[in-house]
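Asker: here is my input, please return the structure:
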Amino acid sequence: MDNLLSFIASYWIQILSSMVIAYLLGSISTSIIITKIVAKKDIRTEGSGNAGFTNVLRSVGKLPAILTFIGDFLKCVIAIIIAWLIFSTIDINVITKKELMGYAGYLTGICCILGHLYPCYFGFKGGKGVVTAAAMMVLIDWRVFLVIFVIFAVIFAITLTISKASIIVAGLYAFVTFAITYFIDYRNGMVSFNYVIIASVIALGIGVLVIIKHRENIKRIIAGTEKKIISKK
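Answerer: Next comes the predicted model:
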């Protein structure tokens, strides 16, 4: 932990710049922009009021929803790649390169998600962060993403409800992250125990944020009024 604190003190400029860039990129709300272009409306006043993929699909259409998904996914990818480029200039031997890139990914990933949830360009009222969080998982640890995706797909196939699947996998994210980083990476000497704890805590924080943003969905699920995604011929 002392090594990590020393690293933060020495490279705070790189850390802060990566965080700011990630937040600003995350604040680019694809759903709001696309809906204004296509439908001349604010997606936050349509349907469920959420600035995200599902509401765009229901309220505007399939193509705008697909573009929203791509935009929300890519902005996190770009943010993390920029962070990796910034961190790649750091020459340090107190932690491994794998851990360094992992920390960079988690740090910028959560900042990008916060930007998506609370976009500074749109009155700090954004989406729920599921797609952006998925992009972070893909880049940082594909194994975690694969487990989460399979669970999500099974729950969605059973319930046909994106919100239910999203809430459940958000709650499981930290546990899956801990299991993989501890039993596979730490046990094989690939990362330190500090990394396992920090990665798991960040995953827990992201999961909690996503669940909090789904509080209205939770109320509708309990009341039995949450809408399902049903294909139309």
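Asker: tell me which element residue 227 is part of?
Answerer: Secondary structure assignment for residue 227, by DSSP states H and E: no helix or strand.
Asker: all helices of this protein, in order?
Answerer: For the chain, the helices defined by DSSP state H cover 2-10, 12-26, 30-39, 53-59, 62-87, 97-117, 130-140, 142-159, 162-180, 193-213, 215-223.
Asker: export these to CSV and tack on distance to residue 187?
Answerer: C-betas here are computed from N, CA, C, even on glycine. Listed next are the helices of the chain as CSV, based on distance: least, CB to CB, whole Å:
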stretch, distance to residue 187
helix 2-10, 21
helix 12-26, 29
helix 30-39, 40
helix 53-59, 37
helix 62-87, 26
helix 97-117, 15
helix 130-140, 19
helix 142-159, 14
helix 162-180, 11
helix 193-213, 10
helix 215-223, 36
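Asker: now render these as JSON lines, adding mean neighbour count, mean pLDDT and distance to residue 47.
Answerer: Output for the helices of the chain, formatted as JSON lines (neighbours: other CB atoms under 10 Å; pLDDT from 0 to 100; distance: least, CB to CB, whole Å):
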{"stretch": "helix 2-10", "mean neighbour count": "12", "mean pLDDT": "71", "distance to residue 47": "42"}
{"stretch": "helix 12-26", "mean neighbour count": "18", "mean pLDDT": "95", "distance to residue 47": "22"}
{"stretch": "helix 30-39", "mean neighbour count": "20", "mean pLDDT": "94", "distance to residue 47": "10"}
{"stretch": "helix 53-59", "mean neighbour count": "22", "mean pLDDT": "91", "distance to residue 47": "4"}
{"stretch": "helix 62-87", "mean neighbour count": "19", "mean pLDDT": "96", "distance to residue 47": "12"}
{"stretch": "helix 97-117", "mean neighbour count": "23", "mean pLDDT": "94", "distance to residue 47": "18"}
{"stretch": "helix 130-140", "mean neighbour count": "24", "mean pLDDT": "96", "distance to residue 47": "16"}
{"stretch": "helix 142-159", "mean neighbour count": "16", "mean pLDDT": "96", "distance to residue 47": "19"}
{"stretch": "helix 162-180", "mean neighbour count": "21", "mean pLDDT": "96", "distance to residue 47": "13"}
{"stretch": "helix 193-213", "mean neighbour count": "19", "mean pLDDT": "95", "distance to residue 47": "16"}
{"stretch": "helix 215-223", "mean neighbour count": "13", "mean pLDDT": "93", "distance to residue 47": "12"}
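Asker: state the distance from residue 14 to residue 84.
Answerer: Residue 14 sits at a distance of 11 Å from residue 84 (criterion: CB to CB, to the nearest Å).
Asker: looking at the helices of the chain, which is nearest to residue 186?
Answerer: helix 193-213 (5.1 Å; CB to CB).
Asker: CA atoms only for the closest one - export them in PDB, please.
Answerer: Presented in PDB, the C-alpha positions along helix 193-213 are these (Å, rounded to 0.1, in the frame of the first residue of the first chain):
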ATOM      1  CA  PHE A 193      -3.200  -8.800  -2.900                       C
ATOM      2  CA  ASN A 194      -3.500  -5.000  -2.900                       C
ATOM      3  CA  TYR A 195      -4.600  -5.100  -6.500                       C
ATOM      4  CA  VAL A 196      -7.200  -7.800  -5.700                       C
ATOM      5  CA  ILE A 197      -8.700  -5.600  -3.000                       C
ATOM      6  CA  ILE A 198      -8.600  -2.400  -4.900                       C
ATOM      7  CA  ALA A 199     -10.100  -3.900  -8.100                       C
ATOM      8  CA  SER A 200     -12.900  -5.600  -6.000                       C
ATOM      9  CA  VAL A 201     -13.700  -2.400  -4.200                       C
ATOM     10  CA  ILE A 202     -13.900  -0.400  -7.400                       C
ATOM     11  CA  ALA A 203     -16.100  -3.100  -8.900                       C
ATOM     12  CA  LEU A 204     -18.300  -2.900  -5.800                       C
ATOM     13  CA  GLY A 205     -18.600   0.900  -6.100                       C
ATOM     14  CA  ILE A 206     -19.500   0.600  -9.800                       C
ATOM     15  CA  GLY A 207     -22.100  -2.000  -9.000                       C
ATOM     16  CA  VAL A 208     -23.700   0.100  -6.300                       C
ATOM     17  CA  LEU A 209     -23.800   3.100  -8.600                       C
ATOM     18  CA  VAL A 210     -25.600   1.100 -11.300                       C
ATOM     19  CA  ILE A 211     -28.100  -0.300  -8.800                       C
ATOM     20  CA  ILE A 212     -28.800   3.100  -7.400                       C
ATOM     21  CA  LYS A 213     -29.500   4.500 -10.900                       C
END
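Asker: nice, that's everything, thank you.
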